[in-house]
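In: fold the stuff below for me.
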Amino acid sequence: MAKTINLVIICLFFNLLSLVNISSGLRLKLTHRDSPNSPLYERNLSDFDRFNKNIEITKARASNFFHQFKPQNVSLQAPLTYHETIYTVDIGLGTPAVKRTFIFDTGSHLTWTQCKPCIKCFRQKQPLFDVKKSVSYKLMPRTNKLSKGFECNHIGCVYGVKYYSGQFSTGVLSLEDFTFGTSAGVPRRILNMVFGCGMNNRGSFGEKNVASGILGMDKEPVSFARQLGARIKNRFSYCLTNMDSRKIKESYLRFGEEAVIKGRNARSTPFLRSTPHAHYMLKLTDISIGGRKLGLTQGTFPEGCLIDSGSAIGLLNENTFLKVEKFLTGYFSRFKNVRRIVGKQVPKGLICYMNVVPTGSFFANLPNMTYHFEGADFDVPWENSFVMFAKGMFCFAAMKSRNATILGAHQQRNVRVVYDLKDDKLSFAPEDCSRDAT
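Out: Numbers count the residues shown, from 1 in each chain. Sure, this is the predicted structure:
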């Protein structure tokens, strides 16, 4: 009898140990909109057409990232950002789990999806989430610690989020189980996550009606990342691959013990705490290009610099952009075969050139950049500082903005980026992100 009890205890121990290992290996596949594996992929577009599309997404996101939305009624304050998507993730929702495709967004608070019954919903390919078919679904009670800031009564709580161009979602706050993939290949279910069940929604959240909602990953307590908390050791990471549509590879959004930088070359900088919003803002002190500092004065970046995987390319505030433009004008004047492209063929706010005698060796002469953050330098090699096109055309991978400065997805390629919510810092190091899918 004693041997049987001991055997049961040992089995339970190893089962629990297995669950811990699975939990530490939580991950979600990140799919870029320009990947042939993406349901958003548009086969007939040229690389320049894709670039123009991504520019419009970046402009729209930036247009209101630095303004606060003041709702007329008490609800969650949300950034007015346009939700065309750069990256999507698939995750299981409910019991039994049904696949939901979410826009991955480090600039949003609440995770939500469209639910049935729906008063008004936008078109989506996936069926509306039917709460009656999930045995684990329940309304979030007003006693839940995350109810602060929402309208609640004895039945439950409601939410309302509004985005750029009039998009919005309203509905009830709910509790549901989410199912992740893991590095062990065994699905892992996380119980009772707070999310929004949208029953009155308007707008298009991604082309082709693919996305059914938002995966909110900012610093607010209700965000997906903050809710997971200690279960993911309060950290998540990604490693963005090259975006060449012909050979792009997916990578993973990783959580917990997998969200680490291997080796000793990690650099870290704290998130700004003085900003009124919950975005991932960094203190930027100066920028170097071609090994020369621009000599930017204190106060050049009063709002800080936003790191944002949802912006395809970077943004520089007007003062900084003009200094970079002046440097590039002088730099490329040395090359007799290089000329500036202006006019309608160049999107407004971009700097583009044409190398009339294109050679592979020329592009190795393009200048690198460095973003000098508090306590850490973020190096941007020339491949990430510029975007290459056919026939010798190339563009600087950041555009002019009146006041916003953003480190976009293009600048972050082949860099392991770790968001540490416990120590309130960002860590990063170079990595071959094409190997992240293994």
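In: what about residue 189, neighbour count?
Out: Residue 189: 13 surrounding residues under other CB atoms under 10 Å. Any C-beta I mention is one placed from the backbone N, CA and C, and that applies to glycine too.
In: mind pulling up the pLDDT for it?
Out: The model reports residue 189 with a pLDDT of 96.
In: with residue 149 instead?
Out: Residue 149 is given a pLDDT of 91.
In: and it, how many neighbours does it have?
Out: Residue 149 is flanked by 16 other residues according to other CB under 10 Å.
In: which phi and psi does it have?
Out: phi 90, psi 0 (degrees, to the nearest 10).
In: can you pull out the helices in the stretch 101-250 of the chain?
Out: Residue ranges of the helices in the stretch 101-250 of the chain, as given by DSSP state H, counting those that start in this stretch, are 224-228.
In: going along the chain, name the strands of it.
Out: Remark: strands assigned in the stretch 101-250 of the chain by DSSP state E, counting those that start in this stretch are 112-116, 129-130, 138-139, 151-152, 157-162, 168-182, 188-202, 213-216, 235-239.
In: buried deepest among these, which one?
Out: Across the strands of the stretch 101-250 of the chain, the average number of neighbours (mean count of other CB atoms under 10 Å) peaks for strand 213-216, which reaches a mean of 28.
In: mind giving me the packing neighbours of that one?
Out: With contacts taken as 3 or more CB pairs under 8 Å, 6 or more residues apart in numbering; DSSP states H and E, strand 213-216 sits against strand 98-105, strand 112-116.
In: quick one, which of those strands is nearest to residue 86?
Out: Proximity to residue 86, assessed across the helices and strands packed on strand 213-216 by CB to CB, is greatest for strand 98-105 (8.1 Å).
In: got the angle between the closest one and strand 235-239?
Out: With axes from the mean of the first three to the mean of the last three CA atoms, to 10 degrees applied, the angle from strand 98-105 to strand 235-239 works out at 80 degrees.
In: setting aside sequence neighbours, what's the nearest residue to residue 220?
Out: Leaving out its chain neighbours, the residue that sits closest to residue 220 by CB to CB, 6 or more residues apart in numbering is residue 109, at 4.1 Å.
In: tell me, how many residues neighbour the one you found?
Out: When neighbours are counted by other CB under 10 Å, residue 109 comes out with 27.
In: re the thing from before, next, format the helices and strands packed on strand 213-216 as TSV and append mean pLDDT and distance to residue 353.
Out: Formatted as TSV, the helices and strands packed on strand 213-216 follow (pLDDT from 0 to 100; distance: least, CB to CB, whole Å):
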stretch	mean pLDDT	distance to residue 353
strand 98-105	92	32
strand 112-116	95	43
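In: of all those, which lies closest to residue 379?
Out: Residue 379 lies closest to strand 98-105 among those, at 24.5 Å (CB to CB).
In: centre of the chain versus the closest one, how much separation?
Out: Relative to its parent chain, strand 98-105 has a centroid offset of 13 Å by CA atoms, centre = their mean, to the nearest Å.
In: helices or strands next to it in the packing?
Out: Under the contact definition 3+ CB pairs under 8 Å, 6+ apart, strand 98-105 sits against strand 87-93, strand 213-216.
In: would you convert these into CSV that also reports mean pLDDT and distance to residue 173?
Out: Putting the helices and strands packed on strand 98-105 into CSV (pLDDT from 0 to 100; distance: least, CB to CB, whole Å) gives the following:
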stretch, mean pLDDT, distance to residue 173
strand 87-93, 93, 15
strand 213-216, 92, 13
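In: got those strands as a markdown table, with distance to residue 278 columns?
Out: What follows is these, written out as a markdown table (distance: least, CB to CB, whole Å):
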| stretch | distance to residue 278 |
| --- | --- |
| strand 87-93 | 19 |
| strand 213-216 | 10 |
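In: who wins for proximity to residue 428 among the ones you listed?
Out: Among these, strand 87-93 comes nearest to residue 428, with 17.5 Å by CB to CB.
In: contacts for that closest one next, please.
Out: Under the criterion CB atoms under 8 Å, 6 or more residues apart in numbering, residues 28-33, 38-40, 98-104, 113, 129, 134, 176-180, 187, 189, 206, 210-211, 215, 253, 309-310, 409 lie in contact with strand 87-93.
In: check stretch 284-292 too.
Out: Applying CB under 8 Å, 6+ apart, the contact partners of stretch 284-292 are 293-296, 298, 300-301, 304-305, 316, 320, 324, 327-328, 331, 367-374, 385, 405.
In: narrow the residues you listed to just the buried residues.
Out: The neighbour count (16 or more other CB atoms under 10 Å) marks 294, 296, 300-301, 304-305, 316, 320, 324, 328, 331, 367, 369-373, 385, 405 as buried among the contacts of stretch 284-292.
In: return the subset of those lying in helices.
Out: Those of the buried ones among the contacts of stretch 284-292 mapping onto helices are 320, 324, 328, 331, 385, per DSSP state H.
In: ok, the third one to residue 312 distance?
Out: What it means is residue 328. When distance is defined by CB to CB, to the nearest Å, residue 328 is 20 Å away from residue 312.
In: and the first one, by the same measure?
Out: Noted for residue 320: a distance of 19 Å to residue 312, by CB to CB.
In: do the last one as well
Out: Distance, residue 385 to residue 312, using CB to CB: 14 Å.
In: can you tell me the closest non-neighbouring residue to residue 155?
Out: Closest residue in space to residue 155, ignoring its immediate chain neighbours: residue 139 at 7.0 Å, by CB to CB, 6+ apart.
In: contacting residues for the one you found?
Out: Counting by CB under 8 Å, 6+ apart, residue 139 touches 155, 156, 157, 172, 173, 174, 175.
In: cool, thanks, signing off.
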